[in-house]
Every structure is written in structure tokens, then in C-alpha cells.
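Asker: for reference, the sequence and a predicted model appear below.
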Amino acid sequence: MAQFKHGDFSNCDAPHPGLPKTVTTLEIIDQIHKLILEDHRILAKSIAEQLGISCEQVGSIIHEDLDMGKLSKKWVPKCLNVDQKHQQCQSSEQLFEFFWRDPNDFLSQLVTMDETWLYHYDPETKQQSMEWRYSGSPCPKKFQVQKSAGKVLASIFLDQDTILLIDYLPKGETIKAEYY
């Protein structure tokens with residue numbers, strides 16, 4: 001208001017003291033893109049430190065100019081081969097036939113069993129597995145990794161109502177017909 005009283009009718013911003021404003025250039029965008037392609041897990045803070053720009057500017061370039069975002073890997077139990085997938089389909093078809101013979105009593109006749117290795121280690125967290133990806137890219141997959149640290153095999157037997165048995169295989173033993 002005081003400027004108008006003194007005859008300054010300019011509507012342009014005058015330069016302000018303080019930190020210089022950083023301009024987003026194609027060169028900076030390319031540098032950020034290159035850093036992300038070299039390491040999909042790189043942190044925005046690390047990029048900002050390497051290029052000497054603010055984290056906010058890095059985030060703006062990644063999201064708006066490069067159209068990328070960070071996605072967590074999707075946990076999948078196993079990577080099945082073609083034969084294993086075919087065997088899974090056959091088992092499902094047999095269960096479906098069994099169901100149609102007596103749909104009302106189907107679940108009460110089933111006892112299922114699953115085996116799983118319980119490891120003595122902390123798996124990588126979802127936060128640790130996040131990577132920069134373009135929007136619309138498929139979600140990255142992360143297969144379960146078998147660690148050599150201590151582990152125990154748990155066999156779990158269930159019916160429709162409850163867990164019937166959880167058995168831990170003793171160290172050094174293998175599963176054979178006699179064990180079942």
C-alpha cells in the first residue's frame with residue numbers, strides 16, 4: 001500500500017534477499033532421471049545432496065516432470081514353473097469335482113496341511129524394498145529369499161474349524177512317509 005502512495009504502480013515482484021531461487025532445467029531433470037535409473041532405491045534426500053538442490057524440488061521433479069512414484073514390492077510366495085502351475089490346476093479341478101459330489105458336507109471332510117520354514121532373521125521391510133517407478137508401471141515383485149541363518153520347518157494341519165496340529169521338524173530330520 002505504501003508503494004502506491006509513493007507512485008510505484010508496478011505489479012512485478014522485486015528481487016528479494018535470501019536464498020536464490022533454484023530453476024528446474026532439463027539438465028537437472030536428466031541428472032535426477034539418471035540417478036534413479038542407476039539405483040531405483042535412491043532416496044530423494046540423497047539426490048538433493050548430490051545435486052545441491054532442495055528435497056522439495058527433487059520431489060516435484062520426480063512426481064511432476066518424470067511422472068514417477070515409489071512403490072513397494074509385492075510379496076509372492078514362490079516363483080512357480082510351468083509344471084508346478086499345471087499341477088496346481090489339476091489339484092484345484094479334483095477339489096472342485098469332490099465339492100460337487102457332496103456340497104453340503106464338503107468342508108467337514110477336508111483336512112489341509114501346509115509346511116513353512118520359520119527363519120531366525122528379520123526380513124526386509126516394505127519401506128526398505130521401495131523403488132522409484134513410473135506411474136502406471138507394474139508393481140515390482142519380491143520373491144521370498146531363503147536365508148542360511150537358523151530355521152525350523154513347521155507343518156500345520158487344519159480342518160474347517162480349527163488348527164488340529166502344529167509340528168516342528170526336529171533339527172537334522174527329513175520328512176519321510178514314517179514321519180507323517
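Answerer: Thanks, I have the structure now.
Asker: now do the helices in the chain.
Answerer: Secondary structure of the chain (DSSP state H): helices at 2-5, 26-38, 44-51, 55-60, 82-101.
Asker: worst average pLDDT in those?
Answerer: Comparing mean pLDDT across the helices of the chain, the lowest value falls on helix 2-5: a mean of 68.
Asker: measure the spatially most central residue of the chain to residue 179 for me?
Answerer: Residue closest to the mean C-alpha point of the chain, counted by Cα atoms, centre = their mean, is residue 73 at 2.0 Å. Residue 73 sits 35 Å away from residue 179, going by Cβ to Cβ, to the nearest Å. Heads up, the C-betas are built off the backbone N, CA and C, glycines and all.
Asker: same deal with residue 57?
Answerer: For residue 57 relative to residue 179 (Cβ to Cβ), the value is 61 Å.
Asker: which of these two has more residues huddled nearby?
Answerer: residue 57 (19 against 11; other Cβ atoms under 10 Å).
Asker: rewinding a little: now distance to residue 114 too, for the helices of the chain, in JSON lines please.
Answerer: Output for the helices of the chain, formatted as JSON lines (distance: least, Cβ to Cβ, whole Å):
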{"stretch": "helix 2-5", "distance to residue 114": "76"}
{"stretch": "helix 26-38", "distance to residue 114": "39"}
{"stretch": "helix 44-51", "distance to residue 114": "41"}
{"stretch": "helix 55-60", "distance to residue 114": "43"}
{"stretch": "helix 82-101", "distance to residue 114": "13"}
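Asker: got the domain ranges for this protein?
Answerer: 2-66, 74-168 (automatic domain parsing).
Asker: centre of the chain to the longest one, how far?
Answerer: Going by Cα atoms, centre = their mean, to the nearest Å, the spacing between the C-alpha centre of domain 74-168 and its chain's C-alpha centre is 17 Å.
Asker: ends of that domain, how far apart?
Answerer: By Cα to Cα, to the nearest Å, the extent of domain 74-168 from end to end equals 28 Å.
Asker: and residue 12, what's its pLDDT?
Answerer: 65.
Asker: same question for residue 69.
Answerer: Looking at residue 69, the pLDDT reads 89.
Asker: tell me, how many residues neighbour it?
Answerer: That count, for residue 69 with other Cβ under 10 Å as the rule, works out to 15.
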